[in-house]
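>>> Provide a 3D model corresponding to the input given below.
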Amino acid sequence: LIEVQNEPHPRVRGGPLDGDYIFSQMHFHWGDNDTFGSEDKINHRSFPMELHMVFFKEEYQSASEAVKHSDGLTVLAFFYELDRHQHPAYDDITSALVNVTEPHTSVVMSHPFSFLNILPYDLKRYFTYKGSLTTPPCSEVVIWLDFEQPIRLTHEQIEAFREIRSAHGKITHNFRPIQPIGDRVVFYNIDNNYYIYNEIEEHETTTGKPSKRKKGRNSAHRLVPTIVYTMTFTIMLLFSL
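Prediction:
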């Protein structure tokens with residue numbers, strides 16, 4: 001769990017979001033090896049790790065109040081895949097993890113960084129749907145945005161997360177299985193500069209499986225993220241899994 005230590009908090013607006021959403025925290029999900037660990041799949045493909053950036057709707061003033069409303073939260077989800085080259089923006093995060101390997105520990109990161117440095121370049125292509133939290137009570141209060149372009153880390157950088165421990169040992173399987181889709185519709189946002197017709201893909205989610213969607217121009221309005229502040233963060237392991 002990573003929280004912002006100072007003000008103002010980053011925010012996000014646009015796309016499927018009605019109003020501004022304020023950053024609350026971000027956290028990661030991973031498996032015990034590099035073949036699975038993500039809470040969502042694209043075309044049945046799992047990823048070794050997934051990042052969730054959690055924002056609450058500004059009008060509700062806090063995350064605790066926002067979870068009482070159907071549009072209270074939005075989660076920006078990003079996948080990770082392996083690369084031979086280290087991602088330099090993650091060096092401070094993985095270095096700090098050695099100080100939070102036990103429950104109820106925390107560390108303030110030594111260097112502020114911008115969110116945009118740790119995210120993929122392409123923020124135009126994403127899946128979006130209305131769903132739930134992936135941890136109990138799994139309330140249906142989340143607008144999900146799952147970005148298609150993965151973030152590339154080395155095996156060693158992802159492995160650093162697997163060294164974190166709970167009271168029961170290493171945390172190596174902290175993701176929720178795929179769930180039935182029910183009546184949810186998954187939309188796909190694409191770049192305005194081109195058209196794609198007559199192509200169907202499947203997107204599996206932790207709040208629905210699977211959903212067939214058709215690509216097309218402006219399947220959803222383009223998200224314009226404004227998460228550009230340079231912040232100081234605190235990394236915490238707050239509870240045992």
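>>> Please point out which parts of stretch 138-153 sit buried.
Within stretch 138-153, the residues scored as buried using 16 or more other CB atoms under 10 Å are 141-153. Using the backbone N, CA and C atoms, a C-beta is placed for each residue, glycine as well.
>>> Just the pLDDT for the nearest residue to residue 171 once chain neighbours are set aside.
In this structure, residue 171 finds its nearest non-sequential neighbour in residue 164, 5.0 Å apart by CB to CB, 6 or more residues apart in numbering. Note on residue 164: pLDDT of 86.
>>> swap in the one 5 residues further on?
At residue 169, the predicted lDDT confidence score is 79.
>>> Mind giving me the packing neighbours of whichever helix or strand residue 159 is part of?
Here residue 159, judged by DSSP states H and E, is contained in helix 155-159. With contacts taken as 3 or more CB pairs under 8 Å, 6 or more residues apart in numbering; DSSP states H and E, helix 155-159 sits against strand 73-82.
>>> For the following helix or strand past the strand it packs on, enumerate the helices and strands it packs against.
Per DSSP H and E, the first helix or strand lying C-terminal to strand 73-82 is helix 91-97. Judged by 3+ CB pairs under 8 Å, 6+ apart, helix 91-97 is in contact with strand 233-237.
>>> now with 10 Å?
Judged by 3 or more CB pairs under 10 Å, 6 or more residues apart in numbering; DSSP states H and E, helix 91-97 is in contact with strand 105-108, strand 113-114, helix 155-159, strand 233-237.
>>> can you give me how far the third one is from the chain middle?
Helix 155-159 sits 18 Å away from the centroid of its parent chain (CA atoms, centre = their mean, to the nearest Å).
>>> In it, which of the residues would be classed as buried?
Using 16+ other CB under 10 Å as the test for burial, helix 155-159 gives 157, 158.
>>> so what strands line up beside whichever helix or strand comes after that helix?
Counting by DSSP H and E, the next helix or strand C-terminal to helix 155-159 is strand 165-166. Using DSSP bridges, the strands paired with strand 165-166 are strand 169-170 (antiparallel).
>>> And the next helix or strand past the strand it pairs with?
strand 187-189.
>>> measure residue 73 to residue 120 for me?
In this view, residue 73 and residue 120 are 22 Å apart by CB to CB, to the nearest Å.
>>> likewise residue 163?
Distance from residue 163 to residue 120, by CB to CB: 25 Å.
>>> With residue 58 instead?
Counting by CB to CB, the separation of residue 58 from residue 120 is 25 Å.
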